[in-house]
Every structure is written in C-alpha cells, then in structure tokens.
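Q: Next comes the sequence, and after it the predicted model I'd like to discuss.
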Amino acid sequence: MSGQYRGQSDDAKGSVVDDVFTLAWDRPDPGALVVRVSGAVDAASARRMREGIAAARDAGETAAGRVVIDLSEVSFLDSAGLAMLVETASRCHQAGQAFVLVAQGSAVLRPLQLTGLDKILTITGSVTSALETQAAGARD
C-alpha cells in the first residue's frame with residue numbers, strides 16, 4: 001500500500017505537494033510504514049506533515065509495528081517541525097509502534113543535535129537500516 005496525502009482522505013491515497021514540501025508513504029511490508037518527506041519542514045508545513053503522517057498511519061488495514069520517517073530529502077527543519085516529530089514519536093510510542101528517523105544532511109541533523117533529540121530519538125542514515133533497526137520507539 002502506498003500513497004500521498006492531500007488533505008483529508010478516506011482511502012490510502014492522497015498527497016501534500018507544494019513548492020517546498022511533499023510527503024508520500026508506502027508500506028514495504030505489513031509491519032512497516034515509511035513516510036518520505038522532502039522540502040522545508042517549518043511552521044507553514046508542520047501541520048500538513050502531522051496530518052499526512054496521521055493519514056498514513058491510519059491507511060493500512062493493520063497498524064504498522066514500525067514507523068519510519070525519511071527526512072533525507074528535507075532541506076530545512078525548524079522548531080515547529082521538531083515539535084511535530086516529538087509529538088509523532090510520542091503517539092507512536094503510546095500505540096506500541098517503533099519510531100525511526102532517517103536523516104543524513106546537516107539541515108536535519110544539526111537541529112536534532114542542538115536540541116538533544118538525537119540522543120532521545122532513533123536516527124539512522126537510510127531507510128534500509130531503519131527497517132532493520134530495533135527502534136527505541138518500541139521500548140517500554
């Protein structure tokens with residue numbers, strides 16, 4: 001199953017696409033949800049990102065045991081984006097889902113490091129390694 005988010009969606013397909021922000025998802029296997037984000041994650045796009053991730057989490061017939069947020073194509077991440085990631089990690093933890101971020105560039109890694117979130121959240125360098133990681137988001 002895959003899709004993109006475009007506002008409210010009753011099915012597993014939709015998209016959030018504008019000049020600076022896109023979000024798409026797929027389920028490479030029934031136990032994993034991969035959400036790919038690109039562009040700027042800021043005050044203007046964080047709400048749409050939250051809605052898109054929620055739609056992706058709700059789209060499958062069964063809940064994914066692992067939620068991977070791929071930020072490798074994100075060009076900018078501000079405090080609104082960081083807050084949304086913490087909120088999403090918390091919701092995943094409450095639902096018993098592992099939560100893993102994929103981050104490579106300084107546009108994402110630097111804000112995570114400056115805030116100490118790199119010590120709290122599970123971060124990997126690729127979707128492949130995120131799917132293999134036993135993430136901290138599933139721990140008690």
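A: Received, thanks.
Q: and stretch 40-53, what's its mean pLDDT?
A: Confidence for stretch 40-53, expressed as mean pLDDT, is 91.
Q: same deal with stretch 80-99?
A: Here stretch 80-99 scores 95 as its mean pLDDT.
Q: quick one: secondary structure of His93?
A: helix (DSSP: H, G, I helix; E, B strand; the rest coil).
Q: how far away is it from Arg36?
A: Going from His93 to Arg36 by CB to CB, to the nearest Å gives 21 Å. Quick note: C-beta positions are derived from backbone N, CA and C, even for glycine.
Q: and if you look at Ala46?
A: Ala46 sits 16 Å away from Arg36, taking CB to CB as the criterion.
Q: Ok, Val20 next?
A: 15 Å.
Q: When the two are compared, which one has more neighbours?
A: Using other CB atoms under 10 Å as the criterion, Val20 and Arg36 rank with Arg36 on top: 20 against 13.
Q: Could you find the closest non-adjacent residue to that one?
A: Leaving aside its sequence neighbours, Arg36 sits nearest to Asp70 (CB to CB, 6 or more residues apart in numbering; 4.5 Å).
Q: OK, contacts around that neighbour?
A: Contacts for Asp70 were tallied using CB atoms under 8 Å, 6 or more residues apart in numbering; they are Val34, Val35, Arg36, Val37, Val102, Val127, Ala130.
Q: These: which two are farthest apart?
A: The most widely separated members of those, counting by CB to CB, are Val37 and Ala130 (13.4 Å).
Q: any idea where the strands of the chain begin and end?
A: With DSSP state E as the criterion, the chain has strands at 2-4, 16-17, 21-29, 32-41, 66-77, 98-102, 122-124.
Q: isn't Thr62 right up against Pro30?
A: Yes. Because the distance of 6.2 Å satisfies CB atoms under 8 Å, Thr62 is recorded as touching Pro30.
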